[in-house]
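# Kindly return the folded structure for what I paste below:
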Amino acid sequence: MLLDLFLIVACAQAPRDDITYSAEQIIPLLRRYDLDGSAKLVNKTNISSKEVKIDLGASLWQEFPFTRLMVADHYLALWSSKDEAWFTYFPFELPSVNKLTAARTLHELVELLAPAGNPDNLKLRYLMQIPVVMESLEHEKGAFGTQLRAAYLFNDRLVWIWCGIKYSKSDTPRSLHTPFLESAVSISISPKFK
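As a prediction, this is how the structure comes out:
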């Protein structure tokens, strides 16, 4: 009887949140952009998203900043403990560094990070808070700054990009096509995952 009670209690327990997922588990799913496989891996059920701990490993040269993975119905995101921010994972071609640094408008940056050609990119743009940024940009008269964060997998390396842009004070309405005052781009690349 005591054994039966133990089995009932054990089966009724919620999934463990203290499990840490490894690069060997996460990277193949990122490579295929397998949202269903990712959801099954982290035991995401009946909720729109689930956040779990990850350990992508560390090399002698570089500590990976990513410590959490967000698995949702339509996207994956990586939490950077260094930046204290989410990097939306983009399952397509890595943008050119030269083009990123040459961009002069928010529209150009967004097109490079999440090209409009794919319908799923509209959802990913929403996750980057582009609609919120556009509204703030149009209504804010003072100096304005924002940041965009994106992550990619390229040749079995994780690449994460941070773009910061600033606009000067303006009495006229600004848009996605308004040139910004200055920008900074930071690109980090991991060693190859095995």
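
# show me where pLDDT drops low in this structure?
1-17, 59-62, 118-121 (pLDDT under 70).

# now with 50?
1-16 (pLDDT under 50).

# Strands of that one, start to end?
20-22, 49-55, 66-72, 76-80, 85-89, 144-154, 157-167, 182-189 (DSSP state E).

# Out of those strands, flag the one nearest R31.
When the strands of the chain are compared by CB to CB, strand 144-154 sits nearest R31, at 5.8 Å. Glycine gets a C-beta too; all of them are placed from N, C-alpha and C.

# And for that closest one, what's in contact with it?
Contact partners of strand 144-154, identified using CB atoms under 8 Å, 6 or more residues apart in numbering, comprise 27, 30-31, 66, 77-78, 80, 83, 85-94, 106, 109-110, 113-114, 128, 133, 136-137, 158-167, 174, 189.

# how does it look with 7 Å?
30-31, 78, 85-90, 94, 109, 113, 128, 133, 136-137, 158-167 (CB atoms under 7 Å, 6 or more residues apart in numbering).

# Just the C-alphas of that strand, formatted as CSV.
This file holds the C-alpha atoms of strand 144-154, laid out as CSV (Å, rounded to 0.1, in the frame of the first residue of the first chain):
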residue,chain,number,x,y,z
PHE,A,144,16.2,58.2,-28.6
GLY,A,145,18.1,55.0,-28.5
THR,A,146,17.3,51.3,-28.8
GLN,A,147,19.0,47.9,-29.0
LEU,A,148,18.4,44.9,-31.2
ARG,A,149,19.6,41.4,-30.3
ALA,A,150,19.7,38.3,-32.5
ALA,A,151,21.3,34.8,-32.4
TYR,A,152,22.2,32.5,-35.3
LEU,A,153,23.8,29.2,-35.9
PHE,A,154,26.6,29.3,-38.6
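
# buried residues in that strand?
F144, T146, L148, R149, A150, A151, Y152, L153 (16 or more other CB atoms under 10 Å).

# rewinding a little: relative to L122, which of the strands of the chain is closest?
It is, among those and with distance given as CB to CB, strand 85-89, at 12.6 Å.

# Tell me the helices and strands packed up against that closest one.
strand 76-80, strand 144-154 (3 or more CB pairs under 7 Å, 6 or more residues apart in numbering; DSSP states H and E).

# can you list those in TSV and add distance to L56?
Shown next, in TSV, are these (distance: least, CB to CB, whole Å):
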stretch	distance to L56
strand 76-80	9
strand 144-154	11
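
# Quick one, which of those gets closest to N46.
Per CB to CB, nearest to N46 of the helices and strands packed on strand 85-89: strand 76-80, 18.7 Å.

# Show me what that closest one pairs with in its sheet, parallel or antiparallel.
Strand 76-80 sits in its sheet next to strand 66-72 (antiparallel), strand 85-89 (antiparallel), going by DSSP bridges.
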